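A.B. asks: give me coordinates for this.
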Amino acid sequence: GSLDEETGIKMYGEGSVTDLENFQGSNHQNLGLTCASCHMPTMTNENGEQYTSHDASGSPLENDAALEYCLTCHKNQGVESKEAMVEFVLSKQEDVAERQLTVRADLEQLKAAIVSAMEDGAVDDATLDEARMAWSKGRWYLRYTYGHEGENVGKKAAHNYDQMMNVLAQGHEIVTQGIDLLG
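C.D. replies: Okay, the predicted model is just below:
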């Protein structure tokens, strides 16, 4: 990783974090779905012929065929329409986004505490290094939940909602411990 010159914090996870890794072990994967299941659904052209969509970069929330496919399972959860499916996913995205923004605020607080501790010299080097590592780890947990597209708050919730919420809880705990070290 690279190094933040101001604070001496090591920046891990600077490269692309794949969405595939986050998808591993998800409910969707366990049901036999793949990325293509949602991002490359079977569609029907104007002649009534079926084909596989190759617009894999598009959001399944904006694709009627993808939403219909989602409903084949989600109707069992009481999600009855494409509109309800979109709302269901948006709700999960809001949960993830809320936790991401909390961890982001925690990281800002910890970085400010590190800078302050460096300026006033009140903390020994070992404690300062432990706080720096807490920041690095917390940042890595946060970045992991963004997926390969960067800081797209909440947008990857459908890939593995439970894991994302768990990873963000871990990141929050690590960063909070770092803040407590310097508090």
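
A.B. asks: how about the residue nearest the centre of the chain, what does it touch?
C.D. replies: Compute the mean C-alpha point of the chain, and by CA atoms, centre = their mean the closest residue is Thr145, 1.9 Å away. By CB atoms under 8 Å, 6 or more residues apart in numbering, Thr145 lies in contact with Asn22, Val96, Gln100, Lys156, Met164, Val167, Leu168. C-beta coordinates here come from the backbone N, C-alpha and C atoms, glycine included.

A.B. asks: check those and tell me the two furthest apart.
C.D. replies: Pairwise distances across the contacts of Thr145 peak at 13.2 Å for Asn22 and Gln100 (criterion: CB to CB).

A.B. asks: isn't Gln170 right next to Trp140, touching?
C.D. replies: No - at 10.3 Å, Gln170 does not count as touching Trp140 under the criterion of CB atoms under 8 Å.

A.B. asks: pop out the phi and psi values for Lys156.
C.D. replies: Dihedral pair for Lys156: phi -100, psi 20, per degrees, to the nearest 10.

A.B. asks: helix, strand or coil: sort out the residue lying farthest from the centre of the chain for me.
C.D. replies: The C-alpha centroid of the chain is most remote from Asn47, which lies 39.5 Å away (CA atoms, centre = their mean). At Asn47, secondary structure determined by DSSP: H, G, I helix; E, B strand; the rest coil is coil.

A.B. asks: try Asp55
C.D. replies: coil.
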